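**Student:** Everything below, folded, please.
(chains A and B)
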Amino acid sequence: MTTLPPPLAMLMELTHRCPLKCPYCSNPLGLDRARDELDTATWQRVISEAAGIGILQAHFSGGEPMVRQDLPDLIRHARTEGLYTNLITSAVLLDQRRMTALAEAGLDHVQISFQGAEPDMADRIAGLDRAHEKKLAAARLVREAGLALTINAVVHRQNLDQLPAMLDLAIATGAQRIEVAHVQYYGWALKNRAALIPTRTQLDEATRIVEDARRRLAGQLVIDYVVPDYYASRPKACMGGWARQFFNITPSGKMLPCHAAETLDLPFERITERSVGAIWADSPGFRAYRGTGWMAPPCRGCARAEIDWGGCRCQALALTGNAAATDPACGLSPDHAMMADLAGAESAAASDNFAYRMIS
Amino acid sequence: MNLTPASIPRLARHVRFRFDTARNCHVLLAPERVVMPDPIAVAILEACDGTTDITTIADRLAARYRAPIEAVLADCLEMLDDLATKGMIAS
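**Tutor:** This is a model prediction of the structure:
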């Protein structure tokens, strides 16, 4: 057994509360309630323990992390621990007063999600009137405060025709970076997959637009591109490999190897019961799919086993019923054709109706 | 290539460069990026003080490491231009 390298990043889901209702929300279907959220002192302890085991980046996310009034205190604490701080936000609650407080706390980077390039599309997907207008105003505040800005453009069948305009929007806001992220089909997005999944033609066109923009905007705008697995021939190295680089803390304190991992039947532990370092090192949920020992063929012995780490466990479970199966995004998976057929059929025939994310 | 020998490079405002005790190496931290520069890159980055041009940085490093100036200048330009394309170095 080789020594376990230190994790790179921690994602803190400070809350599941959010004014938006995006139908592809990455939160689980069973959302934590406000009364179950960790308090400020516990989050500060988590941040210190995570820094102690070597994380370099602290991502403040949700839900909408800005509904937590203690956000500046948590960011200040992370900076004191030497961490790079990243706020992942819808930005609809970001006004001048709160921007100033976040900048004074030492926030490094703000990542604002956009649901489209113009209000009709964006507000309909977000399920919130005037959301788009508020986001544009917030993006200006971020740049005026001198912080780094990423535009997170979440794309799917219904808004892909606005991709060129979303790239223009990123330039207009003065962002250094845009993440063109095709929806990943877990949780709410899996529930709404038929309404969101792009056609193969749409995906190819999006890829062409991104590659062209990368050439045109080199040195001006960094473009990260996340493709949907359903048309892939190789799986993504989900989270850089299970429990290798990353972990997630839910609002109520469950520590997970990825934000979708609660769909798996594994005994995940709470940071209120054990330390971050102890859970990272030897929790059964973290050890379950770490490394390559758990793999069966075709992953076992594959030359790419330590490149893609078998792909995504949640996707394997959702589509094959077996969390230890090869991710069907892989061309070597016996279920690969089923996955592509599913995407082709749903994208061509399904209705655009979706269910908004909400606390049931 | 966007940078020239006359460019004055500095870390972009949102980038942090520090020593990491957990990994016993220097790290460059930027949005969704962690870069672990090799010892030559560390020496170049430590010389980027926001007032010194690349020619002068290369001169100093060539003298310190007793290396040919042309090769050091080429290394400096290539490394800094790569980081500039990634948005980590401004000039």
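
**Student:** from here on, contacts and neighbour counts on C-alpha atoms
**Tutor:** Will do.

**Student:** And the residue of chain A closest to chain B?
**Tutor:** residue A:219 (4.2 Å; C-alpha to the nearest C-alpha).

**Student:** Tell me which residues touch that residue, please.
**Tutor:** Counting by C-alpha atoms under 8 Å, 6 or more residues apart in numbering or on different chains, residue A:219 touches B:84-87.

**Student:** Output the longest helix belonging to chain A.
**Tutor:** Criterion DSSP state H: the longest helix present in chain A is helix A:200-216.

**Student:** no no, chain B
**Tutor:** In chain B, with assignment by DSSP H, the single longest helix is helix B:69-85.

**Student:** and the helix or strand just after that one, how far out from the chain's middle?
**Tutor:** Next helix or strand after helix B:69-85 toward the C-terminus (DSSP states H and E): strand B:89-90. Chain-centre distance of strand B:89-90: 9 Å, with C-alpha atoms, centre = their mean, to the nearest Å.

**Student:** Which strands border strand B:89-90, and is each parallel or antiparallel?
**Tutor:** strand B:10-11 (antiparallel) (DSSP bridges).

**Student:** Show the average pLDDT along the strand it pairs with.
**Tutor:** For strand B:10-11, the mean pLDDT works out to 94.

**Student:** pLDDT of the longest helix of chain B, averaged?
**Tutor:** pLDDT averaged over helix B:69-85 gives 93.

**Student:** contacting residues for the residue of chain B positioned farthest from its centre?
**Tutor:** Using C-alpha atoms, centre = their mean, the residue of chain B lying farthest from its centre is residue B:22. It sits 22.3 Å away. By C-alpha under 8 Å, 6+ apart, the contact set of residue B:22 is A:6, A:53-54.

**Student:** That one is in what secondary structure piece?
**Tutor:** Under the assignment here (DSSP H and E), residue B:22 is part of no helix and no strand.

**Student:** Distance-wise, check the closest residue to residue B:62 other than its chain neighbours relative to residue B:84.
**Tutor:** Excluding its sequence neighbours, the residue lying closest to residue B:62 (C-alpha to C-alpha, 6 or more residues apart in numbering or on different chains) is residue B:69, at 5.4 Å. Using C-alpha to C-alpha, to the nearest Å, one gets 22 Å for the distance from residue B:69 to residue B:84.

**Student:** Same drill for those two, tell me which one is more crowded.
**Tutor:** residue B:84 (23 against 16; other C-alpha atoms under 10 Å in any protein chain shown).

**Student:** Might one say that the more buried one is in contact with residue B:90?
**Tutor:** Yes. Using C-alpha atoms under 8 Å, residue B:84 makes contact with residue B:90 at a distance of 6.2 Å.

**Student:** Tell me the residues of chain B that contact chain A?
**Tutor:** B:13-14, B:16, B:22-23, B:29-32, B:34, B:84-87 (C-alpha under 8 Å from any C-alpha of the partner chain).

**Student:** Can you tell me which of these lies closest to chain A?
**Tutor:** Of the residues of chain B next to chain A, the one sitting nearest to chain A (C-alpha to the nearest C-alpha) turns out to be residue B:85, at 4.2 Å.

**Student:** from what I can see that closest one touches residue A:218, true?
**Tutor:** Yes. Using C-alpha under 8 Å, residue B:85 is in contact with residue A:218, at 6.2 Å.

**Student:** quick one on the thing from earlier: for PyMOL, write a command that selects the buried ones of the contacts of residue A:219.
**Tutor:** Burial among the contacts of residue A:219 is assessed by 16 or more other C-alpha atoms under 10 Å in any protein chain shown; the matching PyMOL selection reads:
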select buried, chain B and resi 84+85+86+87
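
**Student:** between the contacts of residue A:219, which is closest to residue A:150?
**Tutor:** Closest approach to residue A:150 among the contacts of residue A:219 (C-alpha to C-alpha): residue B:87, at 11.9 Å.

**Student:** Tell me the secondary structure at the residue lying closest to that closest one once chain neighbours are set aside.
**Tutor:** Leaving aside its chain neighbours, residue B:87 sits nearest to residue A:219 (6.4 Å; criterion: C-alpha to C-alpha, 6+ apart). With DSSP: H, G, I helix; E, B strand; the rest coil as the basis, residue A:219 sits in coil.
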